[in-house]
Each structure stands twice: as structure tokens, then as C-alpha cells.
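Peer 1: Model the structure of this input:
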Amino acid sequence: MVVHGWIEIFYPQGVIVKFGNGTLGLADHAACRASAASEWMYPGYKITATVHGYDEVNHWLVLDHPQVFGERVYDHRQS
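Peer 2: The predicted structure follows:
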């Protein structure tokens, strides 16, 4: 299943993706960076990925094949 969200924050475990309904996901940082221009690797930029599983300990989706886009869909400075 493909999901759409935005980069929320960068953790040591990877890129935390927010989906707007309280759901979070974790994507591999190197995989995100490989799909994006460096100026897109900031909170608020659109990201899509495939759901690979669920991490019961951290309560987030585990994401594969992330694709970062040059479109800012959320600006945390405005909330």
C-alpha cells in the first residue's frame, strides 16, 4: 500500500513521516536522500512510500521505497 505524507523530523532511526491523522511512519534516511534534491530534505516536504510493516514498540509504520518531492505540503511554523 502506498501512503502519502510529509517529513516531520529526523531521528537517529531514520526519517519520521507524518500522515496528518496522528499516524507516523519511519523511512530510511539514505533512501530518502537518494530520491531527493538536498533542498527537499526538510520538514514539511511531501513524501510517498510503501508500507512494509508496523513497529509495535514505537507504534509507527515501517516504510520502504520512499520518494521525496519538491513540494512543501505542511509548514510547522504556521501551526
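
Peer 1: Pretty sure Ala49 sits in a helix.
Peer 2: No: counting by DSSP: H, G, I helix; E, B strand; the rest coil, Ala49 falls outside a helix, being strand.

Peer 1: That one and Phe10, how far apart?
Peer 2: According to Cβ to Cβ, to the nearest Å, Ala49 stands 15 Å off from Phe10. For glycine as for every other residue, the C-beta is placed from the backbone atoms N, C-alpha and C.

Peer 1: Neighbour count: these two, which is higher?
Peer 2: Ala49 (27 against 14; other Cβ atoms under 10 Å).

Peer 1: Show me what the closest residue in space to the more buried one that isn't next to it in sequence is bridged to.
Peer 2: Of all residues not flanking Ala49 in the chain, Leu63 sits nearest, at 3.8 Å (Cβ to Cβ, 6 or more residues apart in numbering). Taking DSSP bridges as the rule, Leu63 bridges to Val51.

Peer 1: Leu63 against Tyr54, yeah?
Peer 2: No: here Leu63 lies out of contact with Tyr54, judged by Cβ atoms under 8 Å, at a distance of 10.6 Å.

Peer 1: hmm, back to that, give me the pLDDT value at the residue nearest to Ala49.
Peer 2: With respect to pLDDT, Leu63 scores 98.

Peer 1: more neighbours, Leu63 and Tyr54?
Peer 2: Using other Cβ under 10 Å as the criterion, Leu63 and Tyr54 rank with Leu63 on top: 26 against 11.

Peer 1: Now do the contacts for that one.
Peer 2: Contact analysis of Leu63 by Cβ atoms under 8 Å, 6 or more residues apart in numbering lists 3, 17, 25-28, 49-52.

Peer 1: Nearest to Ala34 among these?
Peer 2: Asp28 (9.1 Å; Cβ to Cβ).

Peer 1: From Pro12, how far out is the closest one?
Peer 2: Counting by Cβ to Cβ - Asp28 and Pro12 are separated by 12 Å.

Peer 1: out of the two, which sits in the more crowded spot?
Peer 2: Neighbours were counted for Asp28 and for Pro12 using other Cβ under 10 Å; Asp28 has more, 17 against 5.
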